[in-house]
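**Q** kindly generate the corresponding structure for this input.
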Amino acid sequence: MTDNYGKSAFALYQCLSGEALSLVHGVEDDFDEMFRRLDQRYADPIKLTDCVIDQLKKLKPQKREWTKKYQNLSNKVNAFPELMKYLKEERELLDYMDTEVRNNTRSTKTAFHSLEAKEDSQETNMTMKEEEEMKLILNGLEYKEREKVWIAHYPWIKDPHQLPNNFGVAMMKLKGTEKRLRKLGGIRTVPFGDICSPAIAVLAMRQTADKYKDDFPIPANIILKDSYMDDIIHSLDDAEETPETMQDVEFILKQGNFHMKEWIVSGRTQAEEDVDLSGTTSEKVLGVVWNPKEDEISYKIKLNITPKQKTSVPCTVTGTDGSDRELPNDLTKRRVLSKISTIFDPLGLVTPVTLCGKLLLRQIILYTCDKDRKLDWDDPLPKELGENWYKFLQNITRLETLKIPRCIRTTELVNPTLIMFNDASTLAYSACAYARWQVGSGKYIARLLASKSRLAPIKIQTVPRFELASAFLSARLRNTLVEESNIKYNYIYHLTDSEIVLAQIMKDNLNVGTYVANRVSEIRETTSKEEWHWISTEVNIADLMTRPNLQVNIDAGSDWQRGPDFLGLPTTEWPIKAVSLKTEEKTIISISSSLTGEQLKEAETLWIKCVQVPLQDNWQVRFKRLGPFCKDGILYVGSRIATWMKNNYNNEAFILLPTTHKLTDLCIKDVHDRDHGGVESTLCKLQAKFWIPQARKLIKATKSRCVTCRKLEKKVIGQSMGPVPKERLKPSPAFYYSALDLFGPLMIKDTVKGRCRRKVYGIILNCLSTRASYVDLVEGYDADSLITTLRRFIAVRGFPRSMYSDYGSQLKLASKEIGCMNRYHEKLAQFGNEGGLEWNFTKSADAPWENGCTEAMVKLVKRVMMRVIGDTILTFGELQSVMFEIANILNERPIGMKNGSSNVRGSYLCSNDLIFGRASPHVPEGQFVTNVNTKTRQEFINAIVNSFWKKWMMYYFPTLILQQKWHTERRNLKVGDIVLVQDNSALKGTWKLAEVNKIMPSSDGKVRDVGIRYKIQRKNGEYEGQQDMMVHRSVHNVYRPPGYYYWRQCCWNA
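**A** Presented below is the predicted three-dimensional model:
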């Protein structure tokens, strides 16, 4: 109680002064202890507060609608100054006065809210101070309400804020009224609107019950446990006890000046002696609609809208009473939330229906999460969302016809049993509880007690994880029912359709993550393992709360309200299965210490003698070529070299082992597993001690069965080399089709401060048709620096038509500088679009051969740099000059076959021929015609240009025919294939196992790039329950798992 009333305790402490303040020193945070000390000190408790009405003349009109009543009051006071004086006197005399003095003074009553004024402002804050309500378990009262058979009491206590309290509190001065109030008898009421008033009223009533608990134990217990604020809810089995119980409760409350307004009794409307009964036919009990006459629980659905909300032609929904309900055509997120909130169902009696509304509301939230879609609270819903909401709102009107009996059992309660169901799906997980008891010989009935459901998280998780969450929810719901219910259940069943959850609950040593461990631990603390059973999904009633179904039957006679049919049968006929993890008892031989070398030697000798028994027959003839002999009952071979072996290997001969025996296979496997070596290596180590006929054959068989060796020696899947891109097969201007790659980093020094060092990166652009190169420097690894370099290139060579590049391992390593790879690539593509450039990226990561022409040029650039620069550190300008010279050297290299000397065609073809019209950048020399005739010179120039392109067609184009590698066609990968993914940073035996989920065929129909997905592994090799990783890889970076295709072919044949 101390934590619940900390705010009220602080508010009370602010009202104390003088002697009263010293009494509560040190317990300012404990509300109960403060009142206990004050009650002991003051025999005649008096409460004085400073929460009086402010000057209403200072009030200014407010814009909020809820302040209209204060505005009207302010206008009246401003119009009639005398009224202010009268109201203040009324407040002082009636709100704080003793009951007897009040009755003798006036018969009227005026109540005001406690207001909070701003010191330096003429406006008054009309917001009422938040009332600190008593934090009782609301659901606990709801559960108790349905337990008893006959009578449900539901009295009203008359306005506890205006009744005297039974606690002694401190006295303090009240402005100008202290003497008059003392003369009239003192203040003995709790002012309405004060922040601590609710707590004071409730604690006063509870202390009153405590004082009379010994004389009236049952009525006092009703007040203490079955009351919430000004409501008392209680049920009795016998109707004859009702009048007496009500009178006793009223008597106790009157001792504290709490007066009952009226009682509402189920099935009765006539007044009893000394008891006021209400004749109402419908009443809300803690928010639940209750019909006292029929003793039934019902629901009221409010779908009508206000005239201001009718912004368009509304549609109508026919209610269960035949009346039309109007709905707006333009439903908004605010309206649908308001409509679904009108269904108040604390017990979960209509959870299958309310779940549909929750899922539809989630669809709206997910719809608005998209950046391209904006949907405010008052915007009309899209058509695809609005139609589902109209269907839902039209369907929930049938809840008004639903009548659920409040009482869940008969007069006699024989063998009560609590049955808990739980289930889960990717949409929601839930739990429900049923009470079952015997009504006759072999006959049972069951009723729904309560249910709980939760929407599954949006983040993708596994269904077993949701199943565990539903079991966890079921355990908590069971704990609440057992604590709040007065019924003592003979046995409790927990039924679930998840064997994984049952195994987690049953297993003692569970090595799992934090999420699973915490929930399994609490389930074991609140439940017993013997209570958990497996049940089929078809008869699991909790499945109704995991999938939306507007047409589900939830009437009083449905399976939802009365439980599955098997609950009416004896437990021996239930379709359930108890799950228990039992381990086979094995005889354990206790060993006080580890085995010694002598003991191991004896065991080995014993086994060798056992396996050599089949070899004892005629062994001298069968193995005569090996020089056999027998010593100490063991067959040896190699008597011819026994002396040499004894001097060199400390062994006289080899032990003979049979070819076909399990011990032989184990010996070979033990030697092979040491290093997974080759056949000859394993044979040499084996023959150091044993001689096995046909040993090579056995070693090969062992090696072929070894999964580790098959992984290590497996070749990539691969595919034949693809066709040459069309950009390389047709003449085009230089750098019209270009490929780009970065290399480095390279160290440079500052021009002024020679000691300063910084990194730059090299960039190479390669023409796909002429094989010309452009080499330059990039100052940083960000998009802006790269674009600056590209602008220099474009100023010299012009805008390319297409640019090809890979995603680049360097770009990933420079993630600190570029921030986000996606934004980097988008920025490059946007820069290209501005000049008509189309930027293309390779499909797969870690596949340099997909940009092979540029990767080859990078290798040449690095080779020339090592020869020209070496370890010298240059400035930016010096290094850039070197890069330009390197580019010219690369462009002078031959790209076609030599054709001998010719005055017209030259000796060989190079990239400079197609750029400058000559191989060297030097001034050309030769016998050129100097005729000034323009037409003749034009024909001369065209002849030279055409000569170069003819040489390109004759000498360079034929070189593209050669296919340097990947000559064999392979089987195309398919969606669903399992592969091993190459990882250069890990051992081959630890590569990840992945599934192909996407194929990307080339122009010739061959699959050379695939999309794969794999699980994230922990360090210990276990998989985490999280979203799969999706990546693109080349087929030259994936491997076939050992034996996979044989296994898949067997599955297809089956």
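**Q** now for the host helix or strand of Ala856, which elements pack on it?
**A** Assigned by DSSP states H and E, Ala856 belongs to helix 852-868. Under the contact definition 3 or more Cβ pairs under 8 Å, 6 or more residues apart in numbering; DSSP states H and E, helix 852-868 sits against strand 737-749, strand 757-767, strand 773-778, helix 876-891. Just so you know, the C-beta spots here come from the backbone N, C-alpha and C atoms, and that holds for glycine as well.
**Q** want to throw those into JSON lines with distance to Ala469 and mean pLDDT?
**A** Formatted as JSON lines, the helices and strands packed on helix 852-868 follow (distance: least, Cβ to Cβ, whole Å; pLDDT from 0 to 100):
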{"stretch": "strand 737-749", "distance to Ala469": "49", "mean pLDDT": "84"}
{"stretch": "strand 757-767", "distance to Ala469": "50", "mean pLDDT": "87"}
{"stretch": "strand 773-778", "distance to Ala469": "52", "mean pLDDT": "88"}
{"stretch": "helix 876-891", "distance to Ala469": "60", "mean pLDDT": "82"}
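**Q** in JSON lines: those, plus mean neighbour count and distance to Leu359.
**A** Converted to JSON lines, the helices and strands packed on helix 852-868 look like this (neighbours: other Cβ atoms under 10 Å; distance: least, Cβ to Cβ, whole Å):
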{"stretch": "strand 737-749", "mean neighbour count": "20", "distance to Leu359": "49"}
{"stretch": "strand 757-767", "mean neighbour count": "20", "distance to Leu359": "52"}
{"stretch": "strand 773-778", "mean neighbour count": "22", "distance to Leu359": "52"}
{"stretch": "helix 876-891", "mean neighbour count": "17", "distance to Leu359": "62"}
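**Q** out of those, which is closest to Arg362?
**A** Checking the helices and strands packed on helix 852-868 against Arg362 by Cβ to Cβ gives strand 737-749 as the closest, at 45.5 Å.
**Q** let me see the contact set for Ser453.
**A** Contact analysis of Ser453 by Cβ atoms under 8 Å, 6 or more residues apart in numbering lists 348, 351, 355, 428-431, 545-546.
**Q** and of those, the nearest to Trp691?
**A** Checking those against Trp691 with Cβ to Cβ, the nearest one is Tyr429 at 65.1 Å.
**Q** now the closest one, which residues is it bridged with?
**A** Beta-bridge partners for Tyr429, by DSSP bridges, are Ala424, Arg454.
**Q** against Tyr774, how distant is it?
**A** Separation of Tyr429 from Tyr774 (Cβ to Cβ, to the nearest Å) stands at 61 Å.
**Q** ok, Asn486 next?
**A** Using Cβ to Cβ, one obtains 89 Å as the distance from Asn486 to Tyr774.
**Q** can you get me a residue count around Gly870?
**A** Residues near Gly870, counting by other Cβ atoms under 10 Å, number 7.
**Q** same question, the one 4 residues further on
**A** Taking other Cβ under 10 Å as the criterion, the count of residues near Leu874 is 15.
**Q** quick one: contacts for the residue nearest to it when sequence neighbours are not counted?
**A** Among residues not flanking Leu874 along the chain, Ile748 sits closest, at 6.1 Å (Cβ to Cβ, 6 or more residues apart in numbering). Ile748 makes contact with 757-760, 873-876, 879, according to Cβ under 8 Å, 6+ apart.
**Q** format the residues you listed as a markdown table; extra columns: distance to Asn415.
**A** Formatted as a markdown table, the contacts of Ile748 follow (distance: Cβ to Cβ, whole Å):
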| residue | distance to Asn415 |
| --- | --- |
| Arg757 | 87 |
| Arg758 | 85 |
| Lys759 | 82 |
| Val760 | 86 |
| Ile873 | 92 |
| Leu874 | 95 |
| Thr875 | 95 |
| Phe876 | 92 |
| Leu879 | 92 |
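**Q** on that earlier part again, any chance of TSV for the helices and strands packed on helix 852-868, columns distance to Trp534?
**A** Converted to TSV, these look like this (distance: least, Cβ to Cβ, whole Å):
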stretch	distance to Trp534
strand 737-749	60
strand 757-767	62
strand 773-778	64
helix 876-891	72
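**Q** Asn840: which of these is closest?
**A** Using Cβ to Cβ, the nearest of the helices and strands packed on helix 852-868 to Asn840 is strand 737-749, at 9.4 Å.
**Q** picking up where we left off before, between the contacts of Ile748, which is closest to Asn912?
**A** When those are ranked by distance to Asn912 (Cβ to Cβ), Leu879 comes first, at 22.6 Å.
**Q** pretty sure that closest one contacts Val760?
**A** Yes: using Cβ atoms under 8 Å, Leu879 is in contact with Val760, at 7.3 Å.
**Q** who touches both of the two?
**A** Contacts common to Leu879 and Val760, judged by Cβ under 8 Å, 6+ apart, are 746, 748, 777.
**Q** quickly list what the last one is bridged to.
**A** For Leu777, the beta-bridge assignment (DSSP bridges) gives partners Gly762.
**Q** now the first one
**A** Residues in a beta bridge with Leu746, per DSSP bridges, are Val760.
**Q** hmm, it is touching Tyr761, no?
**A** Yes: the pair Leu746 / Tyr761 is scored as a contact, 6.8 Å apart, by Cβ under 8 Å.
**Q** shared neighbours of these two, anything?
**A** Leu777.
**Q** Ser474 - how many residues pack around it?
**A** Counted by other Cβ under 10 Å, the residues lying close to Ser474 total 28.
**Q** follow-up on the earlier one: now the helix holding Ala856: average pLDDT?
**A** Regarding helix 852-868, the rounded mean pLDDT is 75.
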